[in-house]
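**Q** turn this into a structure:
(one chain, ligands or ions: 2)
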Amino acid sequence: MAAINSDLSVIGYTFEDIQAMASEVLKHSTLRPKIGIICGTGLDGIAEAVENQTVVSYDSIPGFPVSTVKGHSGHFVFGTLQGKAVLLMRGRLHYYEGYPMWKVAMPVRVMKAVGIETLLVTNAAGGLNPDYKTGDLMVIKDHIDLPGLTGECVLIGKNDERFGPRFLATNGTYDKDLRQKFMEVVAEMGHADIIKEGVYIMIGGPTFSSTAEVRVLRMFGADAVGMSTVPEAVVGRHSSMRVFGVSLITDMVDFEDGSQFQVTHDDVLKVAHQRAQLMKKMFLKFVQFID
Ligand SMILES: O=P(O)(O)O[C@@H]1C[C@H](O)[C@@H](CO)O1
Ligand SMILES: Nc1nc2[nH]cnc2c(=O)[nH]1
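**A** Ligands and ions are numbered 1, 2, ... in the order given. Alright, predicted model coming up:
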């Protein structure tokens, strides 16, 4: 009798699958971007600033999963930002939507096959660090892959070395120069007061964390909690991309027992929309410095 799970080929897309999807995406534009941007929940305002846009809907790419979450519209946008060719993902995939972890970050492999070398990732997150406030931005200096630590690492499954190495060091995932440049840009724009640098912890979601859980997350050393980004950043590094991530703090978690405040997805979207224009301006300045 065959061993259970002996067919490892069912885990993951093949190199050829990814190449085929990338070719499909590339058919739609003559641009060959090296900068890729993944827009977090409600944070796709940056797409408005993209000039010479070509939109490629995920559902038009054979085999490509679709986004199902409010605030994630589900298409790639080719175009230029400050004259630089970019490829945006308006809509990401989350583990809690029911996708296996290896599928959640497969668009990053497609981006790599398209030619992306620098990956900029945004997300909406809850603030755990008591020095933060709603509306702050946290440049991600490191992450805690809670699903990964508990056996749901995005790189689990058969490894094709053409994607990257079997074993990956994930310290230093977030590019130091890009982090520094973003902080400088924001400070020059007069917003040094809202910019922080910290550790993002990924939970599987879709539940927002309980009071006991947020205490644990803080004890682990995390400054913000969210439900995405880490698989994308890990696959980005696995693909030898330069990775940058920034979290918008959409709410502050409450550590007190009996707290009446309960965050909702609409609260997250509201703060994301309030900050959309500012984030757009920051990214417009930031991309100028990316080679
Ligand atoms: O895609 P991101 O991580 O920005 O989305 C956050 C986390 C959940 O998907 C959602 C919760 O409101 O926002
Ligand atoms: N509290 C909290 N707020 C969020 N905003 C976006 N994601 C999250 C999360 O996981 N927790």
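**Q** around ligand 1, pick out the residues from the stretch 151-291 of the chain.
**A** Proximity of the stretch 151-291 of the chain to ligand 1, by CB under 6 Å from any ligand atom, involves residues 205, 226-228, 265, 268. For the C-beta atoms, the positions are set from N, CA and C on the backbone; glycine is no exception.
**Q** most neighbours out of those, which is it?
**A** Across these, the neighbour count under other CB atoms under 10 Å reaches its highest value at Ser228, namely 30 neighbours.
**Q** so that residue makes contact with Cys39?
**A** No - at 10.8 Å, Ser228 and Cys39 do not qualify as touching, with contact defined as CB atoms under 8 Å.
**Q** what do those two both touch?
**A** With contacts taken as CB atoms under 8 Å, 6 or more residues apart in numbering, Ser228 and Cys39 have Arg92 as neighbours in common.
**Q** where does the stretch 151-291 of the chain have low pLDDT?
**A** With pLDDT under 70 as the threshold, the stretch 151-291 of the chain has no low-confidence stretch at all.
**Q** which two of the residues of the stretch 151-291 of the chain next to ligand 1 have the greatest separation?
**A** Put simply, by CB to CB the two of these set farthest apart are Ser228 and His265, 13.3 Å from each other.
**Q** hmm, back to that, pick the one among the residues of the stretch 151-291 of the chain next to ligand 1 closest to Phe78.
**A** Nearest to Phe78 among these: Ser228, at 22.4 Å, using CB to CB.
**Q** residue contacts, the closest one?
**A** Neighbours of Ser228 in contact, by CB under 8 Å, 6+ apart: 40, 92, 94, 104, 123, 202.
**Q** confirm that Val139 sits in a strand.
**A** Yes - under the criterion used here (DSSP: H, G, I helix; E, B strand; the rest coil), Val139 sits inside a strand.
**Q** can you count the residues close to it?
**A** Val139 has 20 neighbouring residues, counting by other CB under 10 Å.
**Q** and stretch 129-143, end to end?
**A** 14 Å (CA to CA, to the nearest Å).
**Q** what ranges do the helices span in the protein?
**A** Under the criterion DSSP state H, the chain carries helices at the ranges 15-26, 101-104, 106-114, 146-149, 176-188, 211-219, 230-238, 265-287.
**Q** export those helices to TSV and append columns for distance to ligand 2.
**A** Below are these laid out as TSV (distance: least, CB to the nearest ligand atom, whole Å):
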stretch	distance to ligand 2
helix 15-26	28
helix 101-104	15
helix 106-114	20
helix 146-149	11
helix 176-188	20
helix 211-219	7
helix 230-238	12
helix 265-287	5
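**Q** of these, flag the one that's most buried.
**A** When you average the neighbours per residue for each of the helices of the chain (mean count of other CB atoms under 10 Å), helix 230-238 leads with a mean of 27.
**Q** quick one: neighbours of the closest residue to ligand 1 within the stretch 1-150 of the chain, just the number.
**A** The shortest separation between the stretch 1-150 of the chain and ligand 1 is 3.0 Å, found at Gly40 (distances taken as CB to the nearest ligand atom). Gly40: 25 surrounding residues under other CB under 10 Å.
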